[in-house]
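Asks: Could you look at this predicted model? Sequence included:
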Amino acid sequence: MRYKKASTADVAYILGILGTIYPVSEALGKAFYDKTVCLKVKKGDVVLREGERCQYMYFIKRGAMMGQTTHQKKKIVTYISIDNEFVSSISGLHGVVPSQEAIIAVEDSELIAMHNDDLQVLFLQHFDMNFLFRVMVEKYYRDAQERTHIIRLGNAKERYLYFINTKPGYIERLPLHLVASMLDMKLPTLLKVQKQHQLSLQKDRETEEWCKKIEDYIVSQQAYKMPGLNIEKVAGVLSISTHKLSAIFNNTYQLTFTDFVNRYRIKNIQQYMADKDVMHNYTIEALAKKSGFATRSAFYNAFKKIVGVTPVEYRNSL
């Protein structure tokens, strides 16, 4: 690997990131400009082999890197890191012991690095370097613990959902066979879970669109005021099967069609009841009919079920 001195812009970028964690002293900043190097690698290049001592702490300016170990002749991805993340050997940090994992470029990448010997000198000379590195290592090991947590989660679907929620954008960018290895599943399993999730999202979007149509017709257009409104009528207007429409009410709204419609009828009646002028000119039963109820008994039963008291009790409480 051919390391060369890092550019002023690259070092300034690193210092800017570190400065968000803890103020970087002028002396430490100067040391970074003197000691930081950079490295360009191609996809598939091995930056560190298993069994070698890791001599550098790397920062990914651009690209993606992975850790990979071998167990019973099987290659296992231990982590994948992308832009603006620090990487090194987890098992062989500081090059004290041989690394149990390789570091390999997943994409063409640009790395900014510092040699362990230089890091040790900075630890001895600068308090702020110790504080910064402590925070970095804490994050590094939190990420490592998170990766372990992913593997310990129940089934393949749960691991997949955890990964895409905690690492947004990774699944679209990275080779899926590497993601599958990191999630401890075979590639066909990952593809199956991914397809199922995409179908689920599509179904959710379709349901959301149907809900908008339902609410526009029944609520916004006040179809609930139509006496005798039933699920067959709504299904015909919206061009949807009664079976599918019923499933949406039961599963999405968790209400029967009748209860859904009656809630808006009751809400409309409550608004009428709050208006003294309206109540001066209408009986409660007349308001019920005006709001879509066909019979007095249906109105009273629905009102008591939804509000918890009779219409008269509710009117007297206002």
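Replies: Sure thing, it's come through.

Asks: before we move on, what SS does residue 59 have?
Replies: strand (DSSP: H, G, I helix; E, B strand; the rest coil).

Asks: That one: what's it in contact with?
Replies: Contacts for residue 59 were tallied using CB atoms under 8 Å, 6 or more residues apart in numbering; they are 14, 84-87, 111-113. The C-beta positions use only the backbone N, C-alpha and C, and glycine is treated the same way.

Asks: quick one: the closest residue to residue 178 other than its chain neighbours from residue 152, how far?
Replies: Nearest residue to residue 178 in three dimensions, chain neighbours excluded: residue 77, at 5.2 Å (CB to CB, 6 or more residues apart in numbering). Residue 77 sits 16 Å away from residue 152, going by CB to CB, to the nearest Å.

Asks: okay, these two: which has more neighbours?
Replies: Set residue 77 next to residue 152 and count neighbours by other CB atoms under 10 Å: residue 77 wins out with 23 against 9.

Asks: Send me the helix or strand where that one lies as CSV with only the CA atoms.
Replies: Per DSSP states H and E: residue 77 is located in strand 74-82. C-alpha atoms of strand 74-82 as CSV (Å, rounded to 0.1, in the frame of the first residue of the first chain):
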residue,chain,number,x,y,z
LYS,A,74,-15.9,-19.7,5.8
LYS,A,75,-15.5,-16.0,5.2
ILE,A,76,-17.6,-13.9,7.6
VAL,A,77,-18.2,-10.2,7.3
THR,A,78,-17.8,-8.7,10.8
TYR,A,79,-18.6,-5.0,9.9
ILE,A,80,-19.1,-2.7,7.0
SER,A,81,-18.3,1.0,7.3
ILE,A,82,-18.9,3.8,4.8
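
Asks: Measure how far stretch 3-16 is from the centre of its chain, please.
Replies: Put simply, stretch 3-16 sits 32 Å off its chain's centre (CA atoms, centre = their mean, to the nearest Å).

Asks: for stretch 164-178, that is, sorry about that
Replies: 12 Å.

Asks: Check stretch 121-131 too.
Replies: With CA atoms, centre = their mean, you get 36 Å for stretch 121-131.

Asks: got it, and stretch 81-90?
Replies: Distance of stretch 81-90 from its chain centroid, counting by CA atoms, centre = their mean, is 21 Å.

Asks: Would you indicate which residues of it are buried?
Replies: Residues of stretch 81-90 classed as buried by neighbour count (16 or more other CB atoms under 10 Å): 81-82, 85-90.

Asks: No further queries at this time; thank you.
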